[in-house]
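Trainee: sequence? don't have it. structure:
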Ligand code: KDG
């Protein structure tokens, strides 16, 4: 047998031997996706991340694995957003409100009293307007997959039961790092203090701030009832969360891998909204049982608050663009009329 032929036979044999290991090697090295979030593992946010992870692993046959990291261990929303843009982390879920420094159009969702109920929110966020705002993230290095529900926000503080507008005076109120929230609570007479969520419990415990505003679910899962006496039901704004992927990472994925993530995101969205709403229905009673003093604003005072807060709307419209403002208002009207 000639030297050339012997070489070809040997190379073919070596390739045949290596092939199963190459396939196997590819199989045993799944893609590990670091998914950061800010609330506790046993929160509505943590439960939805867990379901998302199960869906991804199941639908990829184990080839894609989610390493879920909660309690802001990978950083605050803002820090994680930068890590995704830089490609140092693959995924996160966080507040749309903390994204306004990256995509100003996200501020549309901070409009006080934009939605009257969750059904309107679902219709607008999952419709063309919500998709348009989400797509704006791509030019900044993030890919939005779905909106989850953080929920309607309510006020807690340690100074007094807020029964009328004047009761806001002098309250040092922690707000998300977002100008609409800062302006809104300054307008109401509070001293608005922007802080990352990860610093909030300590700020309340050390009395650096007197109060904060969040959905019942978060007040419960983050144990704010341990450091807050008064809860006033205001429902002053509906807060979405948004599940995002690093675009640097997303662009490396095959279409099939991208579909695994988008399909799992949709399943987790539907689960998260049901789970959050079921928990919210029970949370108020649980917070009362934990010792919080709970009051509801009278319709007259709620209207005074609403009127006062709508003064920030002009600034939001200028910020996000009048076209988006009008499109969103029309989408809400359609969802409201179409029930
Ligand atoms: O990671 C925590 C964020 O989801 C945050 O947005 C929660 O509503 C929140 C807040 O008040 O910061």
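Mentor: Looks like it arrived, so ask away. Here the structure is a predicted model, which means the values were calculated and not measured.

Trainee: distance of the closest residue to the ligand within the stretch 1-150 of the chain from residue 60?
Mentor: Here the stretch 1-150 of the chain gets closest to the ligand at one residue, residue 38, 1.9 Å apart by CB to the nearest ligand atom. Every residue, glycine included, has its C-beta placed from N, CA and C. Residue 38 sits 26 Å away from residue 60, going by CB to CB, to the nearest Å.

Trainee: which of those two has more neighbours?
Mentor: Shown here are residue 38 and residue 60; by other CB atoms under 10 Å, residue 38 has more neighbours (28 against 18).

Trainee: what sits against that one?
Mentor: Contacts here follow CB atoms under 8 Å, 6 or more residues apart in numbering; on that basis residue 38 touches 45, 70, 71, 72, 76, 77, 94, 197, 198.

Trainee: sec struct for it, please.
Mentor: Recorded secondary structure, residue 38: coil (DSSP: H, G, I helix; E, B strand; the rest coil).

Trainee: Tell me which of the contacts of residue 38 fall in strands.
Mentor: Mapping those onto strands (DSSP state E) picks out residue 94.

Trainee: Kindly identify which of the contacts of residue 38 also come near the ligand.
Mentor: Applying CB under 6 Å from any ligand atom to these, one finds that 77, 94, 197 fall near the ligand.

Trainee: Could you check what's spatially nearest to the residue in the stretch 201-339 of the chain that the ligand sits nearest to, not counting adjacent residues?
Mentor: Relative to the ligand, the nearest point of the stretch 201-339 of the chain is residue 214 (4.9 Å; CB to the nearest ligand atom). Among residues not flanking residue 214 along the chain, residue 153 sits closest, at 5.9 Å (CB to CB, 6 or more residues apart in numbering).

Trainee: for residue 66, same thing?
Mentor: Spatial nearest neighbour of residue 66, excluding adjacent residues (CB to CB, 6+ apart): residue 53 at 3.6 Å.

Trainee: what's the answer for residue 162, then?
Mentor: residue 232 is the one closest to residue 162 (CB to CB, 6+ apart), at 4.3 Å.

Trainee: In contact with the one you found, which residues?
Mentor: Contacts of residue 232 by CB under 8 Å, 6+ apart are 154, 155, 156, 157, 161, 162, 163, 294, 295, 296, 297.

Trainee: Repeat the analysis, applying 7 Å as the threshold.
Mentor: Taking CB atoms under 7 Å, 6 or more residues apart in numbering, we find residue 232 in contact with 154, 155, 161, 162, 295, 297.

Trainee: Would you check which pair of these lies furthest apart?
Mentor: Farthest apart among the contacts of residue 232 by CB to CB are 154 and 161. That separation is 12.8 Å.

Trainee: Mind checking which of these two has more residues around it?
Mentor: Remark: of residue 154 and residue 161, residue 154 carries more neighbours, 22 against 14, as counted by other CB under 10 Å.

Trainee: Between all of the contacts of residue 38, which two are separated the most?
Mentor: Top of the distance list for these (CB to CB): 45 and 76, 14.1 Å.

Trainee: Against residue 196, how distant is the residue positioned nearest the centre of the chain?
Mentor: The residue lying closest to the centre of the chain (CA atoms, centre = their mean) is residue 241, at 2.2 Å. Between residue 241 and residue 196 the computed distance is 15 Å (CB to CB).

Trainee: Kindly report the same for residue 57.
Mentor: Distance from residue 57 to residue 196, by CB to CB: 30 Å.

Trainee: try residue 217
Mentor: When residue 217 is compared with residue 196 (using CB to CB), they lie 19 Å apart.

Trainee: higher neighbour count, these two?
Mentor: Just comparing residue 217 and residue 196: by other CB under 10 Å the higher neighbour count belongs to residue 217, 23 against 18.

Trainee: Contact residues of this structure facing the ligand?
Mentor: So far as CB under 6 Å from any ligand atom goes, the chain lies against the ligand at 37-39, 77, 94-95, 98, 150, 176, 197, 214, 239, 241.

Trainee: which of these count as buried?
Mentor: Taking 16 or more other CB atoms under 10 Å as the criterion, what is buried in those is 37-39, 77, 94-95, 98, 150, 176, 197, 214, 239, 241.

Trainee: Which strand or helix spans residue 160?
Mentor: Using DSSP states H and E, residue 160 sits within no helix or strand.

Trainee: show me what contacts it?
Mentor: 167, 230.

Trainee: Flag the shaky bits of the stretch 201-339 of the chain, pLDDT-wise.
Mentor: 338-339 (pLDDT under 70).

Trainee: ditto for the stretch 1-150 of the chain
Mentor: 1-28.

Trainee: So which other helices or strands are in contact with the lengthiest helix in the chain?
Mentor: If you go by DSSP state H, the chain has its longest helix at helix 255-289. With contacts taken as 3 or more CB pairs under 7 Å, 6 or more residues apart in numbering; DSSP states H and E, helix 255-289 sits against helix 44-59, strand 142-152, helix 216-221, strand 293-296.

Trainee: Distance from that helix to the middle of the chain?
Mentor: Offset of helix 255-289 from its chain centre (CA atoms, centre = their mean, to the nearest Å): 11 Å.
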